[in-house]
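**Student:** how would this look folded up:
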Amino acid sequence: MGEQKDKWKRMIQQFMIGRYGTDPFARFLNVCIIILLVINLLARIRILYWIALAVLFYSYFRMFSKNTSARFLENERYLRLRFQAGEIFQRWKQRAKQTLHYHIYRCPGCGQKIRIPRGKGKVSIHCPKCHKDFIRRS
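**Tutor:** This is a model prediction of the structure:
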């Protein structure tokens, strides 16, 4: 039994020589497939099944492709987009965290953003960029 298992393992390894295999983009596509199928199972939206099937075929096409340079570029684009989305999310998270403790006002003269602590009543704000003074409620 063990020899038969090793034979199949060698055959699969031989088949995959020179092929692209899996990467982070392929794993993302597989997660999308699972999500689409679960939503289809719960909501019975038939088009989701066909979309999941198309994504599955695309995922296998990428995995078995011998054009590794094109697949590598696709993965690089995906990683760049994922990084940019992460950066946007981090900015939103930081901004939401700051709004708990600070008001952020724009200077009426130059448009510079100025951060003022909350709960101080009316305060006179001095713009560090254009040196204009204005009053706002914190």
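**Student:** tell me which element the residue positioned nearest the centre of the chain is part of?
**Tutor:** Against the mean C-alpha coordinate of the chain, by CA atoms, centre = their mean, the closest residue is Arg82 at 3.6 Å. Per DSSP states H and E: Arg82 is located in helix 68-101.
**Student:** if we look at stretch 80-91, which residues are touching it?
**Tutor:** If you take CB atoms under 8 Å, 6 or more residues apart in numbering as the criterion, stretch 80-91 is touched by Pro24, Phe28. Placement of C-beta: from N, CA and C, glycine included.
**Student:** try 10 Å this time
**Tutor:** Stretch 80-91 is contacted by residues Pro24, Phe25, Phe28 when judged by CB atoms under 10 Å, 6 or more residues apart in numbering.
**Student:** got it, and stretch 99-113?
**Tutor:** Under CB under 10 Å, 6+ apart, the answer for stretch 99-113 is 95, 98, 114-120, 123, 125-134, 136-138.
**Student:** With stretch 127-136 instead?
**Tutor:** Counting by CB under 10 Å, 6+ apart, 103, 105-114, 116, 122-126 sit against stretch 127-136.
**Student:** residues contacting Ser76?
**Tutor:** Not quite, residue 76 is Glu, not Ser. Glu76 touches Asp23, Phe25, counting by CB under 10 Å, 6+ apart.
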